[in-house]
Structures are given as C-alpha cells and as structure tokens.
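this one's sequence-less:
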C-alpha cells in the first residue's frame, strides 16, 4: 500500500474522516477533530503504525498531510 | 464567540444555554445536582456549562485528557447523576459513565427552538456554581467548591483590572475545564466581549495567524505558552495591530521572557497574575505600568481577595524586610473548600481564610514577591533554596525554552538540586554551560548538581510543569491521571 494511502487510513482511524478526504493538502482546519488532543492521538497512531518515534520539533512540523509524508520519508519510511 | 468557521452572537449563546437548562430540567435535574461536562473547548461546552448553572445545578467540568480510572474517581467523588458530553467524546464516555449510574446526555440532545429562560432561586453564598478540579501540579488533584458569589466577585474583579469591554476579542488556547480558562470564559462573556477558541496550539504559528485574522485584542497563557511562542514562533517579530493585552498566570514566567515580550510588543499591556483554584481563579495582578519597577512581583490583592503575608504565629511580615511568610487570602472570591474532603479543607481553609502554601515577602510599597511554594523548597547543603530563583537564572540563557528545578535525594547532603532543561534545539547546551552560567549569578549551594536535558517537560492538564512527575513519584505520561 502506498505511503499516502497508509497515512489516509490512519487519518480515518484517528479522526473519523473518509480516507478519500485525505490529501497532501489536508490541514488541521479541514478536519474538525485535528486539534491539539487529536494531534497527539495522530502522533501515537503514526508511531505505532510505522514503528518510529517522533521528536518534539517533528511533531510541531506536522501541519499538513504533505508535511507528515515528508517527515515519515525523512525518517526512513518507504513509499 | 468564534470557533473555526462557526460563530455565535451573545443572544444565540444565551438561547443555547437556556436550551440546555431546559433539557436538564426535562430530565429531572434538581438544584445543586452535580452535572458533569466532558467536552473540548467549543460552543457546546460554553452553552452546556452555562446551561447547567442556569438550571441551578453544579457544573463539574472534567479534564478530557484524563484516563478511565481518573474519570471514575471524578464521577464517584462528586456523585454526579448526569453528564453532558460532546459528540467527539460520547463513544468513549457513555459506557463508563452509564456503568456508574450516570445519565449521559449527548451534544445532539439539546432542546432547540424558543426556550423560556426560567430563573432559579439560589443562595449565592452557599449554592455551588461549579466544582473545579485543581491541576495536581504539586500533588493529588482536588475538587474545589465554587459558589455563585465566588464567580460573580472574581469575574467583576478581573473585568475591572483588565479593563475588559464589549470590544474585546480574546484568543483562548487554555482549557475551560481548569479555573484559568473558566475565568476567561466568565470575564469576557460578562463584559460582552467575544471568545475566539483555538484548540490547535500544537501549531503555534497558525494560532498566531488566527489571532491576527480574528483581530484579537488579547491572549491568555501559562508560562509554557509564552516560552513556546518566543522560542518556537515568529511571535516577537510579528505585529498584531489590534492586540491590547496579554495575560499570564499558572506559574511564574521567568523575567527574561517578560522582558522579551515587552521589547517586542511595547504597546501591549502585559498582566502578570497570581491565583489558585481555591480562590476561584485570580488573587492578584501586577499593573502593567509597574513592570519596570516591580517585575517579579505578583502585585497586590484584588478588591474581593485581600492578601496578607503572615508568619506561622499569624503576625504580618515587615514590608521591606527579608522576612518571608505565607500568603493568606480572604474575601468573597475564597471558595468553600474541597468537595467531600473536610480534612484537607480544614488544613488550607482556616478562620475564614485561605492559607495558600505560597511563601512570599513584601517590599516597602506592599507589593508581594513569591519566594517559593512551601513544599517546593530544597534543602541543599543545609541551606534553603527556592527552585524559582534557580529556574530564573537558567532561563537567562537564550538557548533555554523552559527549565524546572527540583530537589533530589543526596547521600551526603540530604538533598541536591537537579535542573531539567528544554533547549531550542537538542545539544545546544551542556551541563557545564548551565553550571558555569549559574556560578556567575548564584552562590555555590544554589548551583544545580545534576542537569538533565529533555525534549519536553511533563505538564499537567492545564499546562503547569508537573514537578511530582519530575521527582519520579509517577511516570510523566501518567501526569494527567492524578485525582
């Protein structure tokens, strides 16, 4: 499964949105439950799914679907 | 109020609150029943909170980041019969609450259409408007009994010293389920102003974008709020044409940060405030005009919260001396004590006054300077050391985002000083850098023996540094669990 699709599935699980609604341009303003609390849940789900650990700076950089994908790739997650 | 793309006028909010009051009455809620609230900051929270109070009930806002054991304890301790829950949290909360005999009323159950707002007769001095839980930053969280009179008086004081008007638009990043956030809700709405809710402070630059777009006139924060804004955003370089005030409470923001903010935003009034949940919210503030000559002071008491600084024998400390005493508060903002905990209540509420546990001195003009919380003093090399003083010195290093100092057991001296530090980027400072800097400013016995660098400090639900977690009495990730 492509990395974007895997992240979309995590968004669906975390925020209850349809995976098809996720894109690289998705930002917190587009997702009702993507607030600070939801963001922590998202981070935990991503860490579990990809078996990685995010640094604090990376967590605060994850402000869009595209940036999340970039950070995952930078941490060695394969597409 | 504004919440993302949604906005409500005062009339609409009032109607929504009346709808919730009517729904609670429909469901048999009686005056003084405890009604739980489990919701993120949202129009629903505000309407449900005000609606519960309008129905004569006692609102019990629950921290939404608590785990199941903590929620069980809150429900049992307050003997709540009903809980108003936002759509987001209903799947999680319903089964647990109902298993404890609590009726869960979801967000969608609000009664719509014209609703009579029936006044309920309450004794403002005795009837509880809310039970507010303390943050647990220095121990177990406790439920504080807040009366209608408490809320009215503290709100009046805040409006007065802040100069709040119907033109104010306050950016809200603090949770409403702790007293600081609630005090903002009360004061801004009572003055006819607008609350702009932003639950996305994890992207602080975006919050600043909204603050500018919404033409906010003010922002309220805890120390970490401003530390993050100064070190992780372009806050100090941006211009906010409509910003009139910043307020800070929930702990001491180190003076270097206050100076940076004033330098960056000289036209914005910066309010340093002090308070406790046990006193509804605010106990004192430092007038912004006095920051130059009284920086570091918490100011003086409010009209409805008289402050004294007393020795253990009850005598006042001498202004302008080195004498240190406990801050003791009295007045109509002082709450009734802790729900169902007469022992703790009698420990901190005595002779009609609140014994805050905060140690302070007075300058010649009667301005109060907090030295330390009594239980936070460290006995290092036989000397009494207040962590705040050491934290203040560490915060002078420009690489430091935040620092927390505690005492740790030491075989030789009983206690040694340990500093936990978060830097702008990892590896910017070493233990020697920190100690060498402190040596220039502090006597030997106040120099941290141990220095540990962290990516973040453990925080309680309302953003305060969780020193109990740092002391290892519980794991940092359990910081939100304590009741």
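In hand now; what should we look at? None of these values were measured; they are calculated from a predicted model. Residues are numbered from 1 along each chain as shown, chains lettered A, B, ... in the order given.

does stretch B:179-197 reach chain A?
No - Stretch B:179-197 does not reach chain A (Cβ under 8 Å from any Cβ of the partner chain); its nearest approach is 9.7 Å. Using the backbone N, CA and C atoms, a C-beta is placed for each residue, glycine as well.

hang on, residue B:91 in a strand?
No - Residue B:91: not assigned to a strand; according to DSSP: H, G, I helix; E, B strand; the rest coil it is helix.

next, count neighbours for it.
By the criterion of other Cβ atoms under 10 Å in any protein chain shown, residue B:91 has 11 neighbours.

quick one: residues contacting residue B:238.
B:208, B:212 (Cβ atoms under 8 Å, 6 or more residues apart in numbering or on different chains).

how close does it sit to chain A?
17 Å (Cβ to the nearest Cβ, to the nearest Å).

what's the pLDDT at that residue?
Looking at residue B:238, its pLDDT stands at 96.

wait, a strand at residue B:451?
Yes - assessed with three-state DSSP, residue B:451 lies in a strand.

ok, for the closest residue to chain B within chain A, nearest residue in space, not its chain neighbours?
Using Cβ to the nearest Cβ, the single residue of chain A nearest to chain B is residue A:35, 3.6 Å away. Residue nearest to residue A:35 in three dimensions, not counting chain neighbours: residue B:199, with 3.6 Å by Cβ to Cβ, 6 or more residues apart in numbering or on different chains.

in contact with that neighbour, which residues?
Counting by Cβ under 8 Å, 6+ apart, residue B:199 makes contact with A:35-37, B:40-42, B:173.

looking at those, which one is closest to residue A:13?
residue A:37 (15.4 Å; Cβ to Cβ).

check contacts around that closest one.
B:40, B:64-65, B:199.

save the residues you listed as a markdown table, and put in secondary structure and pLDDT too.
Listed next are the contacts of residue A:37 as a markdown table, based on DSSP: H, G, I helix; E, B strand; the rest coil; pLDDT from 0 to 100:
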| residue | secondary structure | pLDDT |
| --- | --- | --- |
| B:40 | coil | 94 |
| B:64 | coil | 89 |
| B:65 | coil | 81 |
| B:199 | coil | 94 |
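
may I ask which of the residues you listed has the most neighbours?
Going by other Cβ under 10 Å, residue B:64 tops the contacts of residue A:37 with 24 neighbours.

would you confirm that that one contacts residue B:37?
No - Residue B:64 lies out of contact with residue B:37 (Cβ atoms under 8 Å); the separation is 9.5 Å.

which residues are in contact with both of those two?
Joint contacts of residue B:64 and residue B:37 (Cβ under 8 Å, 6+ apart) are residue B:177.

re earlier: TSV please, covering the contacts of residue A:37 and showing distance to residue B:230.
Below are the contacts of residue A:37 laid out as TSV (distance: Cβ to Cβ, whole Å):
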residue	distance to residue B:230
B:40	26
B:64	27
B:65	25
B:199	21
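
farthest pair in those?
Pairwise distances across those (Cβ to Cβ) peak at 12.1 Å, for the pair B:65 and B:199.

look up the closest residue to residue B:319, ignoring the ones flanking it.
Counting by Cβ to Cβ, 6+ apart, the residue nearest residue B:319 is residue B:362, at 4.3 Å.

who does the one you found form a beta bridge with?
Taking DSSP bridges, one finds residue B:368 as the beta-bridge partners of residue B:362.

residues of chain B that sit close to chain A?
Counting by Cβ under 8 Å from any Cβ, chain B sits next to chain A at B:4, B:40, B:64-65, B:88, B:199-204, B:206, B:232, B:425-426, B:455-456.

just to revisit the earlier point, test my guess that the residue of chain A closest to chain B contacts residue B:40.
Yes - using Cβ under 8 Å as the test, residue A:35 is close enough to residue B:40 to be in contact (6.6 Å).

tally of neighbours for the residue lying closest to residue A:4 once chain neighbours are set aside?
In space, and not counting its chain neighbours, residue A:4 is closest to residue A:69: 6.3 Å by Cβ to Cβ, 6+ apart. For residue A:69, the neighbour count with other Cβ under 10 Å is 19.

please name the residues that touch residue A:69.
With contact taken as Cβ under 8 Å, 6+ apart, residue A:69 is in contact with A:3-4, A:7, A:24.

distance check, the residue nearest the centre of chain B against residue B:298.
Central residue of chain B (Cα atoms, centre = their mean): residue B:180, 3.9 Å from the mean position. The gap separating residue B:180 from residue B:298 is 15 Å, by Cβ to Cβ, to the nearest Å.

with residue B:22 instead?
For residue B:22, the distance to residue B:298 - Cβ to Cβ - is 42 Å.

top helix in chain A by residue count?
When chain A is scanned for its longest helix (criterion: DSSP state H), the result is helix A:36-50.

for the helix or strand just after that one, packing partners?
Toward the C-terminus, helix A:36-50 is succeeded by helix A:56-61 as the next helix or strand (DSSP states H and E). Judged by 3 or more Cβ pairs under 8 Å, 6 or more residues apart in numbering or on different chains; DSSP states H and E, helix A:56-61 is in contact with helix A:65-74.

who touches the least confident helix or strand in chain A by mean pLDDT?
Every helix and strand in chain A was compared by mean pLDDT, DSSP states H and E; the lowest is helix A:56-61, with a mean of 87. With Cβ under 8 Å, 6+ apart as the test, helix A:56-61 has contacts from A:39, A:43, A:67, A:71, A:75, B:202-204, B:232, B:425, B:455-456.
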